[in-house]
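[1] sharing a model prediction with you, sequence too.
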Amino acid sequence: AQLYRVDGWGAPFFKINSRGNMAVRPYGAKTAPNDEIDLMDTVHKIVASQDNITMPLIIRFPDILKNRMDTLQAAFDRGITRQRYAGRFQGVFPVKCNPDRYLIEEIVSHGRRINFGLEAGSKPELLMVMAAMCNASTTAFLICNGYKDAEYVKMALAARSIGLNTVIVLEQLEELDIVIKMSKQLQIRPVIGVRAKLSTKHAGHWGETSGEKGKFGLSTSEIVQVVKRLRKVDMSDCLQLLHFHIGSQIPSLSIVREGVSEAAHIFCELALMGANMKVIDIGGGLGVDYDGTHSSSSDMSIGYNMEEYAETVVEAIKEATIQKNVSQPTLCCESGRALVSHHSVLVFDVLSAHKNGGSACDRGVSYNIDGLPEALAYLRDDLVRSVDDGDHECILTCAKKLKYESTRLFKQGLLGLEARAAIDELFEIVSVFVDQKESDANMDQNGCGDRPGSHKASSDYYTTYHINLSIFKSIPDSWAIGQLFPIVPLHRLEAEPTERVILSDLTCDSDGKVTTFIGNDKPGAETAKHLPVHELEGDKPYYMGMFLGGAYQEVLGSLHNLFGNPHVIHVVPSKSAGGFRISKFLRGQNLANVLCAMNHEPHLMFENLKERVDGYLDGTYEKEITAETLMSSFTSYTYLAPERSCAFQLNKSF
Ligand code: PLP
């Protein structure tokens, strides 16, 4: 567990169980041992229950989502009680984080009891949110953020007219005229909010949206103009909400406090200017501890928990309202990442391994290097002498010279391919030998062993694991912004890992790889360049999981190389079904689906191909078999289906 820091980022939802498998605790800290779900059992069960199912797949745990919603609500409720705050808390989920239909339905249905609402940032999101919120509590907020045109505003007003508690939040001054005009035209009184551009900024990657030069929101002078304009048209009562968003993944409570205080003072001033202020919406930003270090100095971590976050928010708003003698507003928050990251696990398998250097050590040099050209023979003899002397630095220097010279001669056509390959192999062997000797010497000096698999820690040698996945589809933030996600083998964790790997995906793109992992070389290190894993065992599957990817990854994922959406399964605990059951299975995209997404028409494509088959092939059998192959390929999964002799080692109880 220490190697992957599971306790740091995973508690209370993920752990390594006594079978050496990754396990899920769906009710968090309240999970009884019998309710823990073994992820390998889940994979075996889905494989056994569906025809032709191969990796990758996304496993969703709706109970984790509900737990996160309840924990957020409880944190604010406790903060409100402790601070004797007069207002209440009502969360909204920003659907851009993960607009999956079933996730939204779950949030609405579980949120009814606690008046949980939704936030939209575009017209399609608004339509989706309107339909979903017909089943929400009537007081739940429907927050309309994002840039707006007349059509957007009309939709939002229609939402208000059917009793949805809709607030149109102005992102730009220009939107005010549209709202005034459309509400008059449709004779629907709007509830308006303003998004404030705060001076508070956070320095992390996600802080770009914050500060006075941030992309969104109104400056203080624009906010004052809004109040004056509304007063002029007798609509001051419509302005009821102040919104701000400092940026995602806020690292520390001091930034939360600074931003919330600034916003709370704007809120109070608006109330004092005559606006009908009732709600302060603190946006998103509640972070996730991706690297498990609980540190406020890393982009990938946060130095606080939900409870402390809520307490800080309540306290800062309370202080401002007391100072300015203004009624304490309802608190709304648009937490996305913190709500949905944990509930989904991406499972993928490893297709093959490629040793980057060092493999010649196992194989030996495959060519007789006696007959080298004179210049190279001379360098080879130098190398042999340095090995006899045992001076490691000199050995490496000689090996490098030999490799350099052989490459140079090859480029001039003066050396054959086999001789060059032999020298490359010799170089690998010598480098590993030197590295090993130095590592042994370090161990003798320090009197302590390195971590397993790290005897090559100072060398360039590592293995590439080819994974059945597209980074661009399933972990896009890893490629786009270098975000770190916990990646852990799902099984064999009772055994020490012996390999250090990077992960390379299926796409024909050199960026399609993961090369940054949770720090495992030294205790407390933030990141590591290699992931410790187990050696592949013949054609037995090796499963890995990417955790905390429930926010943004699915919706940001692209169709690069036309790898489509993975299968999705929903898993819930069940006493009667041996611990858990699969409550939903949503098949991933097939070839026809992804081709359609690019405007191709699979039936026309097939007709075209069929015509070609009929014209090109002679035999009836050949025609039939080829047409059948082509036909069935349209409905196949976009990922690879590895040939495995023992299939998936099905657990007989499923
Ligand atoms: N609200 C707004 C306006 C946002 O821009 C964002 C994300 O950037 C969110 C809420 C969600 O933020 P997070 O996922 O960090 O909670």
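    All right, it came through fine.

[2] how many neighbouring residues does the residue in the stretch 551-654 of the chain that the ligand sits nearest to have?
    Residue of the stretch 551-654 of the chain nearest the ligand, by CB to the nearest ligand atom: Ala551 (5.8 Å). C-beta coordinates here come from the backbone N, C-alpha and C atoms, glycine included. Per other CB atoms under 10 Å, the neighbour tally for Ala551 reads 26.

[3] name the element it belongs to?
    Assigned by DSSP states H and E, Ala551 falls within no helix or strand.

[4] quick check: the gap between Leu127 and the ligand.
    Per CB to the nearest ligand atom, to the nearest Å, Leu127 is found 18 Å from the ligand.

[5] picking that back up, what sits against the residue of the stretch 551-654 of the chain closest to the ligand?
    Cys97, Asn98, Val288, Gly336, Arg337, Leu339, Val340, Ser341 (CB atoms under 8 Å, 6 or more residues apart in numbering).

[6] most remote residue from this structure's center?
    Distance from the C-alpha centroid of the chain, by CA atoms, centre = their mean, peaks at Glu374 (55.9 Å).

[7] for that one, report the pLDDT, please.
    Per-residue pLDDT puts Glu374 at 88.

[8] what residues are up against it?
    Going by CB under 8 Å, 6+ apart, the list of residues near Glu374 is empty.

[9] got it, and Arg229?
    Contacts of Arg229 (CB under 8 Å, 6+ apart): Leu176, Ile180.

[10] separation between it and Asn468?
    Arg229 is 57 Å from Asn468, where distance means CB to CB, to the nearest Å.

[11] so which bits of the protein are right by the ligand?
    Within the chain, the positions adjacent to the ligand are 94, 97, 145, 245, 248-249, 283-286, 334-338, 551 by CB under 6 Å from any ligand atom.

[12] which one of the residues you listed has the most neighbours?
    Neighbour-wise, those (other CB under 10 Å) top out at Gly283, 31 neighbours.

[13] just the helices in the stretch 151-300 of the chain please.
    174-186, 220-232, 253-272 (DSSP state H, counting those that start in this stretch).

[14] among those, which is the most enclosed?
    helix 253-272 (a mean of 21; mean count of other CB atoms under 10 Å).

[15] how about the residue of the stretch 101-250 of the chain found nearest the ligand, what does it touch?
    For the stretch 101-250 of the chain and the ligand, the shortest gap (CB to the nearest ligand atom) falls at Ser248, measuring 3.2 Å. By CB under 8 Å, 6+ apart, the contact set of Ser248 is Trp206, Gly284, Gly285, Gly287, Gly336, Arg337.

[16] CSV for those residues, including pLDDT?
    CSV is the format used below for the contacts of Ser248 (pLDDT from 0 to 100):
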residue, pLDDT
Trp206, 66
Gly284, 97
Gly285, 96
Gly287, 97
Gly336, 98
Arg337, 97
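
[17] buried set for stretch 625-632?
    Thr626, Ala627 (16 or more other CB atoms under 10 Å).

[18] nope, stretch 140-149 is what I was after
    Ala140, Phe141, Leu142, Ile143, Cys144, Asn145, Gly146, Lys148.

[19] how about the CA coordinates for it, as PDB?
    As requested, C-alpha coordinates have been extracted for stretch 140-149 and formatted as PDB (Å, rounded to 0.1, in the frame of the first residue of the first chain):
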ATOM      1  CA  ALA A 140     -33.000  23.100  -5.400                       C
ATOM      2  CA  PHE A 141     -31.100  25.600  -7.400                       C
ATOM      3  CA  LEU A 142     -30.700  25.500 -11.200                       C
ATOM      4  CA  ILE A 143     -27.700  27.800 -11.800                       C
ATOM      5  CA  CYS A 144     -27.100  29.100 -15.300                       C
ATOM      6  CA  ASN A 145     -23.500  30.000 -15.800                       C
ATOM      7  CA  GLY A 146     -21.400  30.400 -19.000                       C
ATOM      8  CA  TYR A 147     -21.700  32.900 -21.800                       C
ATOM      9  CA  LYS A 148     -25.300  33.500 -22.900                       C
ATOM     10  CA  ASP A 149     -27.200  34.600 -26.000                       C
END
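
[20] what mean pLDDT does it have?
    On average, the pLDDT along stretch 140-149 is 98.

[21] distance of Lys197 from Phe216?
    Where Phe216 is concerned, Lys197 sits at a distance of 7 Å (CB to CB).

[22] the strands in the stretch 1-150 of the chain, which residues?
    Taking DSSP state E, counting those that start in this stretch as the criterion, the stretch 1-150 of the chain contains strands spanning 14-16, 22-24, 37-38, 57-60, 89-94, 117-120, 141-144.

[23] the closest residue to the ligand within the stretch 51-200 of the chain pairs with what?
    Of all residues in the stretch 51-200 of the chain, Pro94 sits closest to the ligand, at 4.0 Å by CB to the nearest ligand atom. Following DSSP bridges, Pro94 is listed with bridge partners Glu119.

[24] so it makes contact with Gly336?
    Yes. Look at Pro94 against Gly336 with CB atoms under 8 Å: they come within range, at 4.4 Å.

[25] overlap of the contact sets of those two?
    Gly284.

[26] three-state assignment of Val347?
    Secondary structure state of Val347, per DSSP: H, G, I helix; E, B strand; the rest coil, is strand.

[27] for this protein, name the helix or strand with the lowest mean pLDDT.
    helix 359-363 (a mean of 64; mean pLDDT, DSSP states H and E).

[28] which parts of the helix or strand just after it are buried?
    Following helix 359-363 in sequence order, the next helix or strand is helix 374-389 (DSSP H and E). Neighbour-count burial for helix 374-389, counted by 16+ other CB under 10 Å, picks out Leu376, Leu379, Arg380, Asp382, Leu383, Ser386, Val387.

[29] in CSV, list the strands of the stretch 1-150 of the chain along with distance to Thr626.
    Formatted as CSV, the strands of the stretch 1-150 of the chain follow (distance: least, CB to CB, whole Å):
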stretch, distance to Thr626
strand 14-16, 47
strand 22-24, 43
strand 37-38, 44
strand 57-60, 31
strand 89-94, 49
strand 117-120, 49
strand 141-144, 54
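
[30] who wins for proximity to Lys411 among those strands?
    Counting by CB to CB, Lys411 lies closest to strand 57-60 out of those; the figure is 47.0 Å.

[31] so which elements touch the closest one?
    helix 39-49, strand 344-356, strand 567-574 (3 or more CB pairs under 8 Å, 6 or more residues apart in numbering; DSSP states H and E).

[32] using PDB, list the CA coordinates for it.
    Output of strand 57-60 as PDB, limited to C-alpha atoms (Å, rounded to 0.1, in the frame of the first residue of the first chain):
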ATOM      1  CA  LEU A  57     -14.000  -0.600 -18.700                       C
ATOM      2  CA  ILE A  58     -15.200   2.000 -16.300                       C
ATOM      3  CA  ILE A  59     -16.600   0.700 -13.000                       C
ATOM      4  CA  ARG A  60     -18.900   3.200 -11.200                       C
END
